[in-house]
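J.: Structure for this input, please:
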Amino acid sequence: MTSEEGLGRIEAKGSLMNLEKELEIYLRSRFTFIYVVTAEEERIVRMLKRLCEQTQRTLCVWDHADYFQQVVGTGVSATAKDPITALEAIEKANCEGVFLLRDFHQCWENQPRVTRKLKNLSQRLKYTKKTIIVVAPVTKVPEELNDECVVVEVPPPGVEDLTRILDQLLQSPNVRINLAAGDKERILQAALGLSSSQAQRIFAKAIVSHGVLDGRDIQLINEAKKQVIRQSGALEYFTASERISDVGGLDILKEWLGTRERAFSKEARAYGLPTPKGIALLGIPGTGKSLTAKMVASLWRLPLLRLDIGALFGSLVGESEENARKALSLAETVAPCVLWIDEIEKGLAVGGGDGGTSMRVFGTILSWLQEKKEPVFVVATANKISLLPPELLRRGRFDEIFFLDLPTTAERRAIFQVHLRKRGRSPENYDVDALAKAAEGYVGAEIEQAVIDAMYVAFDDPTEPGREFTTLDLLSALKKLVPMSRSQREIIEDLRQWLVEGRAQSASFKEADEAKDHFVPILLDPLGGQDGSVN
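T.: I've put the predicted structure just below:
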């Protein structure tokens, strides 16, 4: 079989055992050119060393610094200091073997002679038992070589691999262990998403920090993983602490989430339930979409990853799509988790003069939303609904599409109670009903700001500095704020039309007919006169 019969992009899911088995099949099938995408060179070298020893093949490594190094058997004796000479030495080598080229993707950049030589060699080697493997941290295969190679994307280690790494460390002398039931599983779960080297370093640090491996190290590993994931550029790891009581209103959305709280459990799988895919939260800015994403992760006790769409885009050709694939692969490795894509319309809007990069990134994310197999629950938020391509919101990519409207009177009352409690005040000491009525047309973020403004006024009162703020202070703060429902009336009413037309499920009430009852144009200022004037 030639390499052309196995072309494509392959991701080695699961453990290192799966990857090793995959590479063994490629070697037996006489694939001549394999491109392995990973930053863990040592991991690949060890794996190939085992395979070559088992099959009595030669393993030789070449790089820019040390040139050829023999790992298994004997084969190449030449001192090749440049890529062309290295490829010529591989062709002349009188052995059956694997030739691992480290960072060789740097050699063919703007070097058509190197690309042509590698293509010629790949075609000639299909009649031999020689295989060239390029290992690099990024996918940068020239178009001329696409037909000659198979690309293998190596994900971070799974639970089985992390277990082997941890067990090996625990066998070291003088290592003490004090793990309660389930602690080891939680430690391994916390380490998902790390590379083998990163996991080994962090496990060792955890053991040394306390002189013993125990439940305290789970937090240490989580903190270390936050830093590692943040370095990836497009993903950020959050420790979600928001409770369901921290979100005022949105009763229908909360009920929907509550019925799926056990959806990631083994019992749900045994019952035959599919893993929830995710939700899209559309609507007016400041109505709690981002807060809801954090609340979902806290409610379901899952890790929360935030995907920064803007950080995916790079200046080099193909870099943006590569960044998107890496970020989504990392999210699947951390699964089960919640992936929060905030203001998705900013990166996936139709159009733009970027040569089609936005659409290619959009296509990568669309395909992943439809085909992902790992339990990654996506929470996508959007403010400017008109910019979203229709194919993003079709059924199958999300379980439900919720619209977050201007809060109802009951929701405004609940929002005031949340923010008063958040600042150590008892809602019973305030006329919450009057405040809820006065705040008609205000979103949750504006209500929170009114509470903060009232506190500043009371704290800096010249006649009584530091006094307790009152209902009157809150009413005065509301009057001074100009809500978006008035300053951007036309835009807000266009957004709300989505709900009236039944194009999304209300997060607050059940039927579209009820949406019509709640949908009244913002014409009156509840604190003053018409059109925002104050009496």
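J.: what is the mean pLDDT for the helix or strand where residue 449 lies?
T.: Under DSSP states H and E, the secondary-structure element containing residue 449 is helix 444-459. For helix 444-459, the per-residue pLDDT values average out at 95.
J.: Any idea how far that helix is from the middle of the chain?
T.: 34 Å (Cα atoms, centre = their mean, to the nearest Å).
J.: cool, and stretch 437-444?
T.: For stretch 437-444, the distance from its own C-alpha centre to the chain's C-alpha centre is 34 Å (Cα atoms, centre = their mean).
J.: do stretch 108-128 as well
T.: Taking the mean C-alpha point of stretch 108-128 and that of its whole chain, the gap between them comes to 36 Å (Cα atoms, centre = their mean).
J.: Identify the residues contacting that stretch?
T.: Here stretch 108-128 makes contact (Cβ atoms under 8 Å, 6 or more residues apart in numbering) with 2-3, 30, 32-33, 83-84, 87-88, 90-91, 96, 107, 131-132, 140, 142, 144-145, 148-149. Any C-beta I mention is one placed from the backbone N, CA and C, and that applies to glycine too.
J.: Dump that stretch to PDB, restricted to CA.
T.: As requested, the backbone C-alpha atoms of stretch 108-128 are provided in PDB (Å, rounded to 0.1, in the frame of the first residue of the first chain):
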ATOM      1  CA  TRP A 108      10.800  23.700   3.600                       C
ATOM      2  CA  GLU A 109       9.600  27.200   4.300                       C
ATOM      3  CA  ASN A 110      10.400  29.100   1.100                       C
ATOM      4  CA  GLN A 111      12.600  26.300   0.000                       C
ATOM      5  CA  PRO A 112      11.000  24.600  -3.100                       C
ATOM      6  CA  ARG A 113      14.100  22.500  -3.600                       C
ATOM      7  CA  VAL A 114      13.600  20.800  -0.200                       C
ATOM      8  CA  THR A 115       9.900  20.300  -0.900                       C
ATOM      9  CA  ARG A 116      10.700  18.700  -4.300                       C
ATOM     10  CA  LYS A 117      13.400  16.500  -2.900                       C
ATOM     11  CA  LEU A 118      11.100  15.200  -0.200                       C
ATOM     12  CA  LYS A 119       8.300  14.500  -2.600                       C
ATOM     13  CA  ASN A 120      10.700  12.600  -5.000                       C
ATOM     14  CA  LEU A 121      12.000  10.600  -2.100                       C
ATOM     15  CA  SER A 122       8.600   9.800  -0.700                       C
ATOM     16  CA  GLN A 123       7.600   8.400  -4.100                       C
ATOM     17  CA  ARG A 124      10.700   6.300  -4.400                       C
ATOM     18  CA  LEU A 125      10.600   4.900  -0.900                       C
ATOM     19  CA  LYS A 126       7.200   3.200  -1.500                       C
ATOM     20  CA  TYR A 127       9.100   0.300  -3.000                       C
ATOM     21  CA  THR A 128      11.200  -0.100   0.200                       C
END
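J.: Buried residues in it, which are they?
T.: Applying a neighbour-count criterion of 16 or more other Cβ atoms under 10 Å, the buried positions in stretch 108-128 are 108, 114, 115, 117, 118, 119, 121, 122, 123, 125, 126.
J.: try stretch 239-248
T.: For stretch 239-248, the buried set under the neighbour-count rule, 16+ other Cβ under 10 Å, comprises 240, 242, 246, 247, 248.
J.: just the helices in the stretch 251-400 of the chain please.
T.: Under the criterion DSSP state H, counting those that start in this stretch, the stretch 251-400 of the chain carries helices at the ranges 251-259, 266-271, 289-300, 319-334, 345-348, 357-371.
J.: any idea which of those scores lowest on pLDDT?
T.: Lowest mean pLDDT of those: helix 345-348, a mean of 70.
J.: related to what we said a few turns ago, go ahead and produce CSV holding the CA coordinates of the helix holding residue 449.
T.: Backbone C-alpha positions of helix 444-459 (Å, rounded to 0.1, in the frame of the first residue of the first chain) are rendered in CSV as follows:
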residue,chain,number,x,y,z
GLY,A,444,-29.5,43.2,34.9
ALA,A,445,-26.1,44.9,34.3
GLU,A,446,-27.8,48.3,34.5
ILE,A,447,-29.6,47.4,37.7
GLU,A,448,-26.3,46.2,39.2
GLN,A,449,-24.7,49.5,38.2
ALA,A,450,-27.5,51.5,39.9
VAL,A,451,-26.9,49.6,43.1
ILE,A,452,-23.2,50.4,42.9
ASP,A,453,-23.9,54.1,42.1
ALA,A,454,-26.3,54.4,45.1
MET,A,455,-23.6,52.9,47.4
TYR,A,456,-21.0,55.5,46.2
VAL,A,457,-23.5,58.4,46.8
ALA,A,458,-24.2,57.2,50.4
PHE,A,459,-20.6,56.4,51.2
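J.: Do me a favour and average the pLDDT over the following helix or strand past it.
T.: Going down the chain from helix 444-459, the next helix or strand is helix 471-480, by DSSP H and E. Over the span of helix 471-480, the pLDDT mean works out to 95.
J.: Tell me which residues of helix 471-480 come out buried.
T.: Per 16+ other Cβ under 10 Å, helix 471-480 contains these buried residues: 473, 474, 475, 476, 477, 478.
J.: ok, these vs residue 100, which is closest?
T.: Using Cβ to Cβ, the shortest approach to residue 100 within these belongs to residue 477, at 66.6 Å.
J.: about what we covered before: mind giving me a markdown table with the buried residues of helix 471-480 and columns for distance to residue 314?
T.: Converted to a markdown table, those look like this (distance: Cβ to Cβ, whole Å):
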| residue | distance to residue 314 |
| --- | --- |
| 473 | 49 |
| 474 | 47 |
| 475 | 50 |
| 476 | 49 |
| 477 | 44 |
| 478 | 45 |
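J.: just curious, which of the residues you listed is nearest to residue 179?
T.: Each of the buried residues of helix 471-480 was checked against residue 179 using Cβ to Cβ; the closest is residue 474, at 50.6 Å.
J.: Among the buried residues of stretch 108-128, which one sits closest to residue 235?
T.: So of the buried residues of stretch 108-128, ranked by how close each gets to residue 235 (Cβ to Cβ), first place is residue 108, at 29.4 Å.
J.: In three-state terms, label that closest one for me.
T.: Of the three states, residue 108 takes coil under DSSP: H, G, I helix; E, B strand; the rest coil.
J.: is it true that residue 104 touches residue 140?
T.: No - the pair residue 104 and residue 140 does not pass the contact test of Cβ atoms under 8 Å, sitting 9.9 Å apart.
J.: Those two: which has the busier surroundings?
T.: Neighbour tally, residue 104 and residue 140, criterion other Cβ atoms under 10 Å: the higher count belongs to residue 104, 23 against 19.
J.: Would you mind measuring from that one to residue 86?
T.: When distance is defined by Cβ to Cβ, to the nearest Å, residue 104 is 9 Å away from residue 86.
J.: likewise residue 168?
T.: With the distance defined as Cβ to Cβ, residue 168 ends up 34 Å from residue 86.
J.: Check residue 503 too.
T.: Between residue 503 and residue 86 the distance is 59 Å, computed by Cβ to Cβ.
J.: The two: which is more packed in?
T.: Between residue 503 and residue 86, residue 86 has the larger neighbour count (other Cβ under 10 Å), namely 26 against 14.
J.: where does the more buried one land in three-state SS?
T.: Reducing the assignment to helix, strand or coil with three-state DSSP, the entry for residue 86 is helix.
J.: so after the strand or helix carrying residue 48, what's the next helix or strand?
T.: Here residue 48 is covered by helix 41-55, with elements defined by DSSP H and E. Secondary structure here is assigned by DSSP H and E; on that basis, the next helix or strand after helix 41-55 toward the C-terminus is strand 58-63.
J.: related to what we said a few turns ago, reformat the helices of the stretch 251-400 of the chain into JSON lines and put mean neighbour count and distance to residue 383 next to each item.
T.: Putting the helices of the stretch 251-400 of the chain into JSON lines (neighbours: other Cβ atoms under 10 Å; distance: least, Cβ to Cβ, whole Å) gives the following:
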{"stretch": "helix 251-259", "mean neighbour count": "16", "distance to residue 383": "17"}
{"stretch": "helix 266-271", "mean neighbour count": "11", "distance to residue 383": "33"}
{"stretch": "helix 289-300", "mean neighbour count": "22", "distance to residue 383": "8"}
{"stretch": "helix 319-334", "mean neighbour count": "21", "distance to residue 383": "22"}
{"stretch": "helix 345-348", "mean neighbour count": "19", "distance to residue 383": "7"}
{"stretch": "helix 357-371", "mean neighbour count": "17", "distance to residue 383": "18"}
